[in-house]
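> Provide a 3D model corresponding to the input given below.
(4 chains)
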There are 4 protein chains.
Amino acid sequence: MLALDHHPSGRHFLQIPGPSPVPDRILRALSLPTIDHRGPEFGALGLKVLAGMQQVFRTRHPVAIYPASGTGAWEAALVNTLSPGDAVLMFETGHFATLWQKMALRLGLQPEFLAVPGTDAATGLPWSWRRGVSAELIGERLRADAGHTIKAVCVVHNETSTGVTSDIAAVRRAIDAAGHPALLLVDTISGLASADYRHDEWGVDVTVSGSQKGLMLPPGISFNALSPKALDASRSAKLPRAYWGWDEIVEMNKSGYWPYTPNTNLLYGLAEALDMLLGQGLETVFARHRRWAEGVRGAVRAWGLPIQCADAALYSPVLTGVITPAGVDADALRKLIHERFDLSLGTGLGKVRGRMFRIGHLGDCNDLTLMATLAGVEMGLKLGGVALAGSGVLAAMEYFAAHPQSLPLRAAA
Amino acid sequence: MLALDHHPSGRHFLQIPGPSPVPDRILRALSLPTIDHRGPEFGALGLKVLAGMQQVFRTRHPVAIYPASGTGAWEAALVNTLSPGDAVLMFETGHFATLWQKMALRLGLQPEFLAVPGTDAATGLPWSWRRGVSAELIGERLRADAGHTIKAVCVVHNETSTGVTSDIAAVRRAIDAAGHPALLLVDTISGLASADYRHDEWGVDVTVSGSQKGLMLPPGISFNALSPKALDASRSAKLPRAYWGWDEIVEMNKSGYWPYTPNTNLLYGLAEALDMLLGQGLETVFARHRRWAEGVRGAVRAWGLPIQCADAALYSPVLTGVITPAGVDADALRKLIHERFDLSLGTGLGKVRGRMFRIGHLGDCNDLTLMATLAGVEMGLKLGGVALAGSGVLAAMEYFAAHPQSLPLRAAA
Amino acid sequence: MLALDHHPSGRHFLQIPGPSPVPDRILRALSLPTIDHRGPEFGALGLKVLAGMQQVFRTRHPVAIYPASGTGAWEAALVNTLSPGDAVLMFETGHFATLWQKMALRLGLQPEFLAVPGTDAATGLPWSWRRGVSAELIGERLRADAGHTIKAVCVVHNETSTGVTSDIAAVRRAIDAAGHPALLLVDTISGLASADYRHDEWGVDVTVSGSQKGLMLPPGISFNALSPKALDASRSAKLPRAYWGWDEIVEMNKSGYWPYTPNTNLLYGLAEALDMLLGQGLETVFARHRRWAEGVRGAVRAWGLPIQCADAALYSPVLTGVITPAGVDADALRKLIHERFDLSLGTGLGKVRGRMFRIGHLGDCNDLTLMATLAGVEMGLKLGGVALAGSGVLAAMEYFAAHPQSLPLRAAA
Amino acid sequence: MLALDHHPSGRHFLQIPGPSPVPDRILRALSLPTIDHRGPEFGALGLKVLAGMQQVFRTRHPVAIYPASGTGAWEAALVNTLSPGDAVLMFETGHFATLWQKMALRLGLQPEFLAVPGTDAATGLPWSWRRGVSAELIGERLRADAGHTIKAVCVVHNETSTGVTSDIAAVRRAIDAAGHPALLLVDTISGLASADYRHDEWGVDVTVSGSQKGLMLPPGISFNALSPKALDASRSAKLPRAYWGWDEIVEMNKSGYWPYTPNTNLLYGLAEALDMLLGQGLETVFARHRRWAEGVRGAVRAWGLPIQCADAALYSPVLTGVITPAGVDADALRKLIHERFDLSLGTGLGKVRGRMFRIGHLGDCNDLTLMATLAGVEMGLKLGGVALAGSGVLAAMEYFAAHPQSLPLRAAA
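Okay, the predicted model is just below:
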């Protein structure tokens, strides 16, 4: 069996913004014996996870679960609702928004890629990679689209490459205010089950998500939450599709089955994750992530390093991007930290490559996991020659000690 | 955690032709902690499984591994090599050949669906669902295609719905003899790693396979083995594709990584499966399946029931289809057997629904697993009122006792 | 990691009368992270398993759980209740009764070893190894002990070496009828949780048991169920003891803890086993074993081989001893069956070495597990040159098919 | 299955000095299917773990492995070598030395309990609980025992209740210098495989150890490493013994088997632990623990709290005892830290109850595990109102950053 012993002792600290640390309970559930995906026990499993995912997405409408990673669910959202050559309005918030836009191009769509303009003089980074989706710019653009050639607006809720969580309800309001019929497609791959998300209430037509973030699963399952309007659109959309086709999967899912072989063992894990998350209550889960994020940001501020998200209203509860001083190679730092302290941090992607690293504070963590993480980062920054204004570790300890989680433990000792 | 306790005691006998019984070693490997798919340990894992899969496919060319089930790999084979409206020649050997053909239609291709003509008077079943691919018919059709409008020939190697294993080398010879440039696309989802298969030697351009059969894994990983000609074709093929695109995946795979998040924990299982299969040697594995198949067919003959595969040269080493007498509902039998004996058998699909059941003899089995299976079937047949010519169980015991596996055990006692 | 791949494919059939096949659920529970055995979660676990074991032993009195195998619990029963040189009356029912008697000797006690007299002419085996405890002989001996020098009567409930289950209530009646104050110590290591057992109702003073039989756990935990009279005796008993001492363990157990480090991970397994067994109800479990035993005995009879237990009222629901014809080396047969069919059977122990083998039908089995087992035995017997009167496999199929388990499955399909 | 979810998110930090954190590899090995402990695969396992344990104890002589926790192995050491009423010289180094002495009393021996005299005025704690074994006092006492009535000297190598590691070689020299024939019995339950230990070189007659410390296993296995002189003594020793008897176990172990049912699944874990420890090399393992210990002591010094071990030459690499200021209830602190930060620390035992807590730095840890631990302690101390001289966390970060582990990783990235 694989030893995974690059470091010979102790548990790896996987503090990238996904895959997140998977709880032992879920790892163990993955190892249940594979069953017949046409048998009676499977149907019960299927119905359970489908109903649970509706709760997580906060929707009364169908959720399609794909045996695929998140990129597949991006594709599913596009090919089910659009036709070759359709114009779509996308918004550059970072690397993943950019990848989704490239995918739209590959699929023969005509994406228009809006962005917050300008560059931050202090860091040399584009403002678009430090801010959220501008509902105002979207509204403006849609109002200009009198002929309604734009068929969909595609935005990323929690941009994993920057640590910015955009206001999706505002985007919906902007679309509605423009009186525009475009569908609203949202990627919350890294936000779901960590950050508050409301598919129905916010008027989203397709929400795309994946397993390896807030759901605390390995990668390999992804999701489309649908709206009736999206289902309508899929009936006339012309992009070819088979594997991703909502028609068969939504139909078969009604009885808990799939039109082709589903990802049985990952669904075992999903059932376990849903028991954990819904058992605790999503509000509890969200509060936990917000508190961790605040503690981590306190550390970054104490170090005197810029937080990548430049809009305090949009700080991600999932991850925090940390901008390194000019001249410091963030990836060399990450490598040093990995080698010395068995800690994985997220790399800078795309336009911020080498200029930042990302601390994940999602999934199966607790205060001490994050203290270990911050200690690894602080030691690494010093070893890497970064001058620090102060100790982020001390700041975080102060924050965590002073701000107990408000919710009671499962059982009093 | 899920209890999976529909039957309160003992281990389920999963003798459908896939998912096959997953060895404990592999189940345990699935539960290794998820790692960073961009980190150094992942690259080593990626290179290992890619090299191993080349050995399993017997190819020197790239193998694309998808986080998707087999149906996705079908789609990948088509969208990477073909353009909208392309004519493809497909061959009806059963349910899965039919599903692939339906997929081709959905994707905007123009499949022509050849079949062995006629109906078996004795059983009322179409001969095409009891025989293999006719290389002769294919050759004939290609010779008639003087304009080379047919872009690909698509056939199923091991038809999981019938238990017939077609002669792929003969198909290649027929294409070549016709001097036709069509690509040869082959589905061996249920054949790979159980039945002899040679991607390069047989001149296959794209081989499609999946994880949950001979590879003894849960579903969720699928494969495209490629030829240089297929890679060439992909450069001009016009069907839109992103998730399935070979270009990025083949490029990234060179260093053991993926263009998007791979199926990390299932890849752990794949690494373990490859250690097992290649450690034993594929010939040993194939011999094991042939011997089991022969024992099972001996049982079916003793019962006096027709084996679905009507061509003894094409018996599948993976599964055996058993035709039930007219008037006996094979699915009611299967249900009775499942309830009473905790044994899952394969259902009759498509044109043979209700008229047959399938016994899987693949994956992590041994002689006594199959004796248990045959005992469950024999008891079920009697309880279901099927008059049997004799005891299949006695016949199989005689066969297994008289034909020891020729290969030595790992260690002498 | 250990490969345990002596046989390269398929799951081993572990049909010895213990360790019994361990369900996956329990194996998985064993791998939960080890916790602080002084922390709050441990106390809850301790109380749960202690209460559960009282239900299994059917007692309202304390049960001591030892981190030790069954032999340790034998020792605990003796050293807690007896003083050096004490006379104890033991009864030879087979190998394990003999071993317990040898232990009594080693510990400085004076065991008297009663036995049913005589030898079976047909097999050459002593009758004592084919029959149960004679309450009559015990009563007779106790009546002769006017001075009450005998301090304890020690008998084996389910003799694992012979497949005979003695009548414990009858032994208690004999002691009482003799007006004798001796303690009644009973070993039901292999009987508990497979065969009906009632510590309180039957008036047992110390019941000894272990984990690796009906409780479906790996070995490593053993038990003493106590009576108030046994606890009284322990206050004046003079054999030295520390690890085994009831005083500290019973006291600490009241709050769910142990005086020394307990067997944490095996206790996780025990908690899971109790959920399974008590969830189904012990009567359901006992009925299941009786039915399996009847099916197996039908096979042995069809083969024309003698069942070791010569008293039909005392057939064990746990295992069946099968006597091989004179001149046939039962251990050579077992070895052949193990090598060829990956099936472990129990060896003949002590006075029946080489003359018999044992088929376990306990733990996590079902009808098809036993059909596989019987098929392996039948093929092995034939390969070993044993002339059989008929097919035991056919007989067992007939029995199992004709006698469905009367209890409903967990869920209707 | 048990949820063990007292804290709803994240992994528990088990930093008590045993059970230590168990690596996932070992937890997974525990869940391998239980096999026949009389079959061929078991013999290979038995020989492997016995040979491995000889390497760990650094002995060429037999090692007895018991299915029992460490307390059982204490008893085994005494009952195999001694007779009722024998005088034994024991040395009070803390709670576990005291428990062993109480056990000797229970077993009918006459222990004499030496101790370093006096009380530390600063803390009010006895010096004997802050220092190691005095070889000088032992030598003096043995020289006075002209009649050689003392049969054994019993000392604890690594006193788990205090964090003091005594000099065993010095004790042997003192015995030899006194020309005294007493056996040397040593408990290194918590020292083995974390601290340097040399059974043969140091002239130890019986070394007692357990599984749940440096061997990184759950509790449930314990050990006696023997000397020829100890084996000789066992032939005439008169304390009754059966389960613990070396004669049968040493004899049976020669072929890899046990006289009674061994602890199969924990032995799977032991095989895995030996692969890990011996694969890395014990010196590497020891160096790792010494470095962690130094880092932790740096933190304690920075806080301004006394380290319990008052002799810098005897600091334990396994754990560090931290004395809390007078008036601070150490157990209330531990409880607060457990509730708030999901961190288990060791309690003060016996004469130091409530006056100290223990930080374990053994088993499957790394630098960040210890940083997390120290952060939890520092936050807890502050929340508990303890005035600290400075930040132990900063001190430890400085130490760990400045002192990289000297040994290369398994693979370069």
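
> residues of stretch A:143-150 that come out buried?
Of all the residues in stretch A:143-150, those buried under the rule 16 or more other Cβ atoms under 10 Å in any protein chain shown are A:Ile150. Placement of C-beta: from N, CA and C, glycine included.

> Over to stretch A:92-108?
Neighbour counts over stretch A:92-108 (16+ other Cβ under 10 Å) mark A:92-101, A:103-104, A:106-108 as buried.

> any bit of that stretch sitting next to chain B?
Yes - against chain B, stretch A:92-108 shows contacts by Cβ under 8 Å from any Cβ of the partner chain at A:Met103, A:Arg106, A:Leu107, A:Gly108.

> CA atoms only: put that stretch into PDB for me.
Output of stretch A:92-108 as PDB, limited to C-alpha atoms (Å, rounded to 0.1, in the frame of the first residue of the first chain):
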ATOM      1  CA  GLU A  92     -12.900  37.900 -13.700                       C
ATOM      2  CA  THR A  93     -12.400  37.500 -10.000                       C
ATOM      3  CA  GLY A  94      -9.300  35.300 -10.200                       C
ATOM      4  CA  HIS A  95      -7.900  32.100 -11.600                       C
ATOM      5  CA  PHE A  96     -11.000  29.900 -11.400                       C
ATOM      6  CA  ALA A  97     -13.200  32.500 -13.000                       C
ATOM      7  CA  THR A  98     -10.600  32.700 -15.800                       C
ATOM      8  CA  LEU A  99     -10.600  28.900 -16.200                       C
ATOM      9  CA  TRP A 100     -14.300  28.800 -16.400                       C
ATOM     10  CA  GLN A 101     -14.200  31.500 -19.100                       C
ATOM     11  CA  LYS A 102     -11.600  29.500 -21.000                       C
ATOM     12  CA  MET A 103     -13.900  26.500 -20.800                       C
ATOM     13  CA  ALA A 104     -16.700  28.500 -22.300                       C
ATOM     14  CA  LEU A 105     -14.500  29.400 -25.200                       C
ATOM     15  CA  ARG A 106     -13.500  25.800 -25.700                       C
ATOM     16  CA  LEU A 107     -17.100  24.800 -25.800                       C
ATOM     17  CA  GLY A 108     -17.900  27.200 -28.500                       C
END
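
> rewinding a little: next, format the residues of stretch A:92-108 next to chain B as CSV and append distance to B:Thr347, pLDDT and secondary structure.
Formatted as CSV, those follow (distance: Cβ to Cβ, whole Å; pLDDT from 0 to 100; DSSP: H, G, I helix; E, B strand; the rest coil):
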residue, distance to B:Thr347, pLDDT, secondary structure
A:Met103, 37, 98, helix
A:Arg106, 38, 98, helix
A:Leu107, 36, 98, coil
A:Gly108, 39, 98, coil
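
> could I get the residues you listed as TSV with distance to D:Phe13?
Formatted as TSV, these follow (distance: Cβ to Cβ, whole Å):
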residue	distance to D:Phe13
A:Met103	42
A:Arg106	46
A:Leu107	47
A:Gly108	52
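
> ok, so of those residues, who is nearest chain C?
Of all those, A:Met103 has the smallest distance to chain C: 39.1 Å, by Cβ to the nearest Cβ.

> Pull up the per-residue confidence for A:Ala413.
pLDDT for A:Ala413: 34.

> What is the subsequent helix or strand relative to the lowest-mean-pLDDT helix or strand in chain A?
The least trusted helix or strand in chain A, going by mean pLDDT, DSSP states H and E, turns out to be helix A:24-30, with a mean of 95. Later in the chain than helix A:24-30, the nearest helix or strand by DSSP states H and E is helix A:40-57.

> Within range of chain C, give me the residues from chain A.
Proximity of chain A to chain C, by Cβ under 8 Å from any Cβ, involves residues A:Met1, A:Asp24, A:Arg28, A:Ser31, A:Leu32, A:Pro33, A:Pro40, A:Ala44, A:Ala411, A:Ala413.

> Verify the stated contact: the third one with B:Leu2.
It stands for A:Arg28. No - between A:Arg28 and B:Leu2 there is no contact under Cβ atoms under 8 Å: 10.8 Å.

> quick one, which of these two is more surrounded?
A:Arg28 (24 against 19; other Cβ atoms under 10 Å in any protein chain shown).

> Could you count how many residues lie near the residue of the stretch 1-150 of chain A found nearest chain C?
Closest approach between the stretch 1-150 of chain A and chain C, counting by Cβ to the nearest Cβ: A:Pro40, at 3.9 Å. By other Cβ under 10 Å, the residues close to A:Pro40 number 17.
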